[in-house]
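Sequence and predicted model, in that order:
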Amino acid sequence: MADVTHVYDKPPQGANADWTIPQQWERFSADEHGMWDRLFARQSAMLPGRAADAFMRGIDLLKLEQPGIPDYRALNARLMAATGWQVVAVPGLVPDAVFFDHLANRRFPAGNFIRSPEQLDYLQEPDVFHDVFGHVPMLADPVFADYMVAYGKGGLRSLGFGALHKLARLYWYTVEFGLIEEAGGLRIYGAGIVSSYGESLFALNDPSPNRIRFDLLRLMRSAYRIDDYQQSYFVIPSIEHLLKVTVETDFAPLYAQLEQLPDIAIADIIPSDQVITRGTQQYAQRRR
Ligand code: HBI
Ligand code: FE
């Protein structure tokens, strides 16, 4: 189905009230399965030694190396057994409140389309490869699975404080573009990186971006890019730390504190930062 996706303002024709649609796996064409295989082969060839242990374990446990776009009936049987999560098909981006409610209930919304050959290296909206290859393996890790539930609940609460844009930074700099420190060195767990060939190389090896140790308050003050590689990446010591901080933090006073603090510009390093790499920002300067 090469239907063009949009950001809808109400559930589109045929969608449920929670924006889910039937995956209709049998309707995917050989070309669409072929695109999945092409993207999967490229990423899985380069991720050993780059992707986090939990990510590689998830690929294995969910048998994502099987050819073609995964059939959610089979995928969800394995995922549910591991952490109670399931993947649900949606037409494209869904409203924040809908998104958070799905996460809070252990449902991960996956765009029910795959990119075209022209979009191989960049597309604006998450397609099934970004969502299922990028996000789902980490959902097979019990600690990360609990973190995503905590994020969903926190997201719903943040709407009440008008603080979604601050909490969205937490999601962006962890779930989408997070790095983790492991025995062998820095590894990728963020879906936006791990599903991108170029950014998987850039995020770990390029001297251009900053790499800074995770600090919740600092991170929620930090602007981010939606149109190109990140100029700063944040590094967690463990997934347990990410869950612990998120579950133990009372976000109400944090939001109040954030009101009084200026945002941190996208490539800036501040005195309290524990810096792993002070980036040259050459990539971003060249792209200007
Ligand atoms: N909808 N389908 C889908 N996938 C996302 O990743 C997504 C979304 N809606 C909102 C959203 N992400 C972000 O704005 C949240 O992190 C706030
Ligand atoms: Fe994503």
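Arrived safely. Ligands and ions are numbered 1, 2, ... in the order given.

where exactly do the helices run in the protein?
Applying DSSP state H to the chain gives helices spanning 30-46, 53-61, 72-83, 96-104, 128, 136-139, 142-161, 164-171, 191-194, 197-205, 216-219, 239-248, 251-260, 282-287.

how about those helices, which one is nearest ligand 2?
helix 191-194 (4.7 Å; CB to the ion). From N, CA and C alone the C-beta is placed, and that goes for glycine too.

Quickly check: that closest one near ligand 1 or not.
No. Applying CB under 6 Å from any ligand atom, one finds helix 191-194 out of contact with ligand 1, separated by at least 8.6 Å.

Give me the contacts around that helix.
43, 47, 51, 55, 130-131, 133-135, 138, 175-179, 188, 199-200, 203 (CB atoms under 8 Å, 6 or more residues apart in numbering).

likewise stretch 216-231?
With CB under 8 Å, 6+ apart, stretch 216-231 has contacts from 166-167, 169-170, 172-174, 177, 198-199, 202-203, 208-210, 212, 232, 234, 245-246, 249, 254, 257-258, 261-267, 270, 272-273, 279, 281, 283-284, 287.

Mind checking which of those residues are buried?
Burial by neighbour count, 16 or more other CB atoms under 10 Å: within those this picks out 166-167, 169-170, 172-174, 177, 199, 202-203, 208-210, 212, 232, 234, 245-246, 254, 258, 264, 267, 273, 279, 281, 283-284.

just the residues you listed that are near ligand 2?
The subset of the buried ones among the contacts of stretch 216-231 lying close to ligand 2, counting by CB under 5 Å from the ion, is empty.

Tell me the residues of the stretch 151-288 of the chain that contact ligand 1?
So the stretch 151-288 of the chain meets ligand 1 at Ala168, Tyr171 (CB under 6 Å from any ligand atom).

Tell me where the stretch 151-288 of the chain is predicted with low confidence.
Across the stretch 151-288 of the chain, nothing is flagged by pLDDT under 70.

could you dump the helices of the chain to a markdown table with distance to Ala110?
A markdown table is the format used below for the helices of the chain (distance: least, CB to CB, whole Å):
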| stretch | distance to Ala110 |
| --- | --- |
| helix 30-46 | 12 |
| helix 53-61 | 15 |
| helix 72-83 | 8 |
| helix 96-104 | 10 |
| helix 128 | 6 |
| helix 136-139 | 8 |
| helix 142-161 | 14 |
| helix 164-171 | 16 |
| helix 191-194 | 11 |
| helix 197-205 | 20 |
| helix 216-219 | 26 |
| helix 239-248 | 21 |
| helix 251-260 | 27 |
| helix 282-287 | 30 |
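
So which of those is nearest Thr20?
Thr20 lies closest, by CB to CB, to one member of those: helix 96-104, at 8.2 Å.
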